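[1] Fold the following and give me the result.
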Amino acid sequence: MADQNVPPPRRSPDDRWTGPQHPTSDGYRDLHRPTEPGAPARSGHEQPYAHHPHPGGYAPADHRPPADHWAPESADHARRPPVDHRAPQPTGPTPTRRGPQWVGPAGLPPTRGSGHAPAAGLPDLDDPDDDRRRTGRRRALAALGGTAAVVAGGAALAMSPQIRELFGGDPVGDATATAATDGNAARPSGQQPSQVRTYTEQNESYMGSRAGEALKRNAPAGGQTYSGPAAAAANTPVTVKTVLAKDPVRHLASRATFGATPKVLADIKRMGIDAWIRWQLDPDRIAPTKAELKLAELPSLKMTPMQLREQRDQLNERGVQPEREVVDATIARQIWSDRQLFEVMVDFWNDFLHVAADFDGGEVYRGSFDRDVVRRYALANYPDMLVAANRHPALLLYLNQNQSSKDAVNENLARENLELYSVGVDGGYTEKDVRQAALLQTGRGVNNGEYVFRGDRHYTGKVKILGFTHANSSNDPGQAEKVIDSYIRYLALHPSTARYVAQSLATRFVSDTPPKTLVDRLAKSYTTNRGAVKPLLMTLFSSSEFWASVGQKVRRPMEYLVATYRVLGVSAEPSPGYDHGDRKRTPYGEGLRQIHEKLRQLGQYPMGQPTPDGYPDVYLAWTSAGTMVNGWNESGDLLSGNRRMFSYAKPEQLAKAAPTAGAYLDALALRLVHQKLTAKEKALILGIAGVAATDRVDATFNGAITAIARALLASPQHHLR
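    All right, here's what the predicted structure looks like:
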């Protein structure tokens with residue numbers, strides 16, 4: 001289930017900046033630690049994120065320092081993995097290792113006579129001149145072992161892991177030669193990954209069920225593009241079954257923001273659909289809100305990686321956790337920023353080009369990745385974003401590129417660049433392409449907190465990846481980096497990437513099963529405009545499929561909670577009389593951290609997925625009764641004003657009181673879910689208060705106002721977007 005996707009939150013006793021915590025034996029295991037004294041070390045084939053349910057789930061083994069120790073992540077400070085000295089020690093002469101060594105599930109094979117067993121987990125690269133080093137290994141892509149079963153409203157997926165085997169080869173000067181790229185029965189070099197998996201990507205996996213088929217039957221079909229969004233809205237009838245009002249203004253506000261508010265609805269009506277979308281597509285014109293200006297209270301937010309490294313001790317003493325503050329700030333912007341479409345796209349790219357905040361190094365680099373990669377290009381151009389990401393320390397460390405050299409090739413980043421960040425698992429590449437890409441990308445890494453290119457570690461020789469061919473004859477940084485950038489840009493502009501981005505965008509904005517007609521048009525727009533984002537969004541909003549899809553998306557846990565804060569008009573200022581005590585954070589910072597922790601409990605928070613596939617974007621991935629009830633409880637807390645580091649309108653102030661219960665409920669429904677209810681729905685909610693529609697009530701709904709408002713926030717009208 002969704003609430004099992006991530007390790008439970010843990011705090012350091014003194015609130016120090018400790019970095020991400022060790023997984024523990026509750027299902028998030030430390031692969032380097034024996035289960036009990038005297039027990040053998042774990043094999044390295046066990047899943048550290050044992051509950052991760054998603055297909056394509058890449059589960060990196062933990063290799064972090066103890067929780068009370070922060071250690072730099074550069075190669076010159078890397079940590080050697082522990083050795084199981086109980087393992088049988090090989091004897092005999094040490095063979096000469098020739099050619100690139102490919103990293104398998106257990107790292108590099110042991111050197112005879114070295115006294116080292118195969119390394120478990122994802123150890124950091126140690127001495128670059130040490131032939132015994134163990135580089136990280138790519139965890140198995142999990143393939144679905146059967147169809148989804150719908151149990152108590154939730155999708156339960158049967159998983160069967162496929163473990164990739166170790167590959168080694170003779171030295172070659174041409175990566176396109178078979179000697180360097182042949183596979184074996186478990187990893188066939190010439191076979192497409194999609195041919196050995198049940199589904200092509202995680203969203204599709206959840207829809208491959210009876211429940212998914214039912215959703216497909218109610219999805220809009222066919223469509224066309226109009227001259228602009230307003231024309232498309234005016235000419236598109238809504239024919240799907242839905243409890244939502246078929247109001248284009250409400251529909252736009254629900255999809256292009258993190259939740260409609262009275263202000264957003266008024267802005268769209270006043271400006272018109274076309275003008276409002278153009279305004280949102282130019283976020284630099286939109287002034288920051290007071291709540292955004294208060295983000296200055298998060299001390300690490302604007303700091304560079306070098307500043308974070310240099311001031312680590314001071315930040316520790318103040319209890320600052322940079323990798324959490326970037327998440328706190330993202331939550332604040334989702335709730336209070338007027339740049340809503342921009343924030344929606346930031347969240348989209350954070351799932352598409354995903355780097356988890358809680359990785360070993362996230363405390364230094366994730367904030368910069370958010371600022372300099374995702375936010376810089378969120379409404380600009382995806383090829384530029386992907387090129388920038390592949391030069392950023394966050395991605396290079398997250399996917400172990402810093403450990404990859406021509407003599408010990410780590411394929412993690414090369415694989416994800418193909419499988420997740422560009423063409424997709426069914427985009428036409430093979431295992432042979434992955435390995436050649438991994439050779440091409442050697443040399444890139446991180447040193448002393450900054451991106452570096454190490455020419456002496458770069459493989460030279462001809463490469464051919466999909467349709468990209470290059471002699472790759474130089475290890476000079478200027479020349480070699482241009483070749484790698486050209487390859488990354490080639491991937492970003494590949495027709496399969498255009499379709500993959502289009503499918504993902506249509507799934508986010510339109511339907512869990514978006515019509516092929518729309519995906520085709522979006523892919524064409526992506527290709528024609530060379531990956532530019534704004535024309536892609538204008539094509540989307542000018543398509544009839546978008547306006548016909550009312551009620552076809554369900555809010556994920558984070559979206560539900562953020563929308564609740566927005567619609568209740570929660571203010572970033574503390575409640576009158578709030579006693580802050582001696583907390584290290586300001587009231588605003590403390591409030592954001594509490595929302596952050598609540599989202600962790602719900603199973604979704606910005607940059608929270610530990611694996612590089614990002615969060616799934618379809619309803620069936622999030623159907624958990626426990627998660628829904630937890631969200632409803634938070635709604636009740638907000639209506640009661642329990643987080644006093646924020647301030648609230650009282651429930652009886654949300655809407656103008658009416659003399660009869662029915663009229664008052666109508667006013668509350670318009671305020672909280674932006675539409676009237678049916679007679680049946682009204683009767684159900686009035687039953688909570690024990691009154692009839694014609695009964696007279698006061699401003700507190702005869703004492704039931706909180707219960708009535710909470711019922712509206714638990715309704716399908718608030719869960720749908």
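
[2] When you work out contacts or count neighbours from here on, use the C-alpha atoms and nothing else.
    Noted.

[3] Check whether Met512 really touches Pro616, as I assumed.
    In this structure residue 512 is Asp, not Met. No. Using CA atoms under 8 Å, Asp512 is not in contact with Pro616; the gap is 10.3 Å.

[4] Which one's more surrounded, the two?
    Asp512 (26 against 23; other CA atoms under 10 Å).

[5] gap between the more buried one and Ala707?
    32 Å (CA to CA, to the nearest Å).

[6] So, low pLDDT: which residues of the stretch 151-300 of the chain?
    151-216, 220 (pLDDT under 70).

[7] List the contacts of Ile705.
    For Ile705, the contact set (CA atoms under 8 Å, 6 or more residues apart in numbering) comprises Pro651, Glu652, Ala699.

[8] isn't the second one right up against Asn702?
    Meaning Glu652. No. Glu652 is beyond contact range of Asn702, at 10.5 Å (criterion: CA under 8 Å).

[9] which of those two has more neighbours?
    Taking neighbours as other CA under 10 Å, Glu652 and Asn702 compare with Glu652 leading, 19 against 13.

[10] Kindly state the pLDDT recorded for that one?
    On the pLDDT scale, Glu652 is placed at 96.

[11] do the same with Ala625
    Value for Ala625, per-residue pLDDT: 84.

[12] and the helix or strand hosting Lys524, what does it pack onto?
    Assigned by DSSP states H and E, Lys524 belongs to helix 516-528. With contacts defined as 3 or more CA pairs under 8 Å, 6 or more residues apart in numbering; DSSP states H and E, helix 516-528 has these neighbours: helix 495-509, helix 533-541.

[13] could those go into CSV alongside distance to Leu686?
    Formatted as CSV, the helices and strands packed on helix 516-528 follow (distance: least, CA to CA, whole Å):
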stretch, distance to Leu686
helix 495-509, 34
helix 533-541, 38
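
[14] Trp547 is nearest to which of these?
    Among the helices and strands packed on helix 516-528, helix 533-541 comes nearest to Trp547, with 7.8 Å by CA to CA.

[15] can you list contacts of stretch 237-254?
    With CA under 8 Å, 6+ apart, stretch 237-254 has contacts from 218-220, 233, 259-260, 264-265, 268-269, 273, 547-552, 674-675, 716-717, 720-721.

[16] now swap in stretch 326-333 and tell me
    291-292, 295, 298, 301, 343, 357, 366-367, 370, 562, 589, 592-593, 595-596, 605-607.

[17] Please point out which parts of it sit buried.
    Within stretch 326-333, the residues that count as buried by 16 or more other CA atoms under 10 Å are Val326, Val327, Asp328, Ala329, Thr330, Ile331, Ala332, Arg333.

[18] OK, contacts around Thr304?
    By CA under 8 Å, 6+ apart, the contact set of Thr304 is Ser368.

[19] Lys553 now?
    Phe509, Val510, Ser511, Asp512, Val618, Tyr619, Leu720, Arg721.

[20] try it again with 7 Å
    Ser511, Asp512, Leu720, Arg721 (CA atoms under 7 Å, 6 or more residues apart in numbering).

[21] From those residues, pick the one nearest Leu537.
    Ser511 (15.2 Å).

[22] picking that back up, go through the contacts of Lys553 and give me the one with the most neighbours.
    Arg721 (30 neighbours).

[23] neighbours of the closest residue to it other than its chain neighbours, just the number please.
    Leaving aside its sequence neighbours, Arg721 sits nearest to Ser254 (CA to CA, 6 or more residues apart in numbering; 5.0 Å). Using other CA under 10 Å, Ser254 is surrounded by 24 other residues.

[24] Would you indicate which residues of whichever helix or strand Ser254 is part of are buried?
    Per DSSP H and E: Ser254 is located in helix 248-255. By 16+ other CA under 10 Å, the buried positions in helix 248-255 come out as Pro248, Val249, Arg250, His251, Leu252, Ala253, Ser254, Arg255.

[25] Stretch 651-670 now?
    Those would be 651-652, 654-655, 657-658, 660-669, for stretch 651-670 by 16+ other CA under 10 Å.

[26] Provide the contact partners of it at residue level.
    639, 671, 675-676, 692-700, 705-706, 712.

[27] thinking again about what came up before, for Arg375, which of the helices and strands packed on helix 516-528 is the nearest?
    So among these, helix 533-541 is nearest, using CA to CA, at 12.5 Å.

[28] the inter-axis angle of the closest one versus helix 495-509?
    Interaxial angle, helix 533-541 versus helix 495-509 (axes from the mean of the first three to the mean of the last three CA atoms, to 10 degrees): 60 degrees.

[29] Would you mind listing the outside residues contacting the next helix or strand after helix 533-541?
    Downstream of helix 533-541, the next assigned helix or strand under DSSP H and E is helix 544-547. Residues from elsewhere that reach helix 544-547 (CA under 7 Å, 6+ apart): Pro220, Gly223, Gln224, Thr225, Ala232, Ala233, Thr236, Pro248, Val510, Leu518, Leu540.

[30] try 8 Å
    Contacts of helix 544-547 (CA under 8 Å, 6+ apart): 220-226, 232-233, 235-238, 248, 251, 509-510, 515, 518, 540-541.

[31] That helix: what's the following helix or strand?
    Under the assignment DSSP H and E, the closest C-terminal helix or strand after helix 544-547 is helix 557-567.

[32] what angle sits between that following helix and helix 248-255?
    Using the same axes, to 10 degrees, helix 557-567 lies at 130 degrees relative to helix 248-255.

[33] list the helices and strands helix 557-567 packs on?
    Using 3+ CA pairs under 8 Å, 6+ apart: helix 557-567 touches helix 322-336, helix 587-602, helix 625-639.

[34] what does the helix or strand containing Ala233 rub up against?
    Assigned by DSSP H and E, Ala233 falls within helix 229-234. Helix 229-234 is contacted by residues Thr225, Tyr226, Pro248, Gly272, Ile273, Asp274, Met538, Phe541, Ser542, Ser543, Ser544, Trp547 when judged by CA under 8 Å, 6+ apart.

[35] now do 7 Å
    Counting by CA under 7 Å, 6+ apart, Tyr226, Pro248, Ile273, Asp274, Phe541, Ser542, Ser543, Ser544, Trp547 sit against helix 229-234.

[36] Before I go, just wanted to say thanks for your time.
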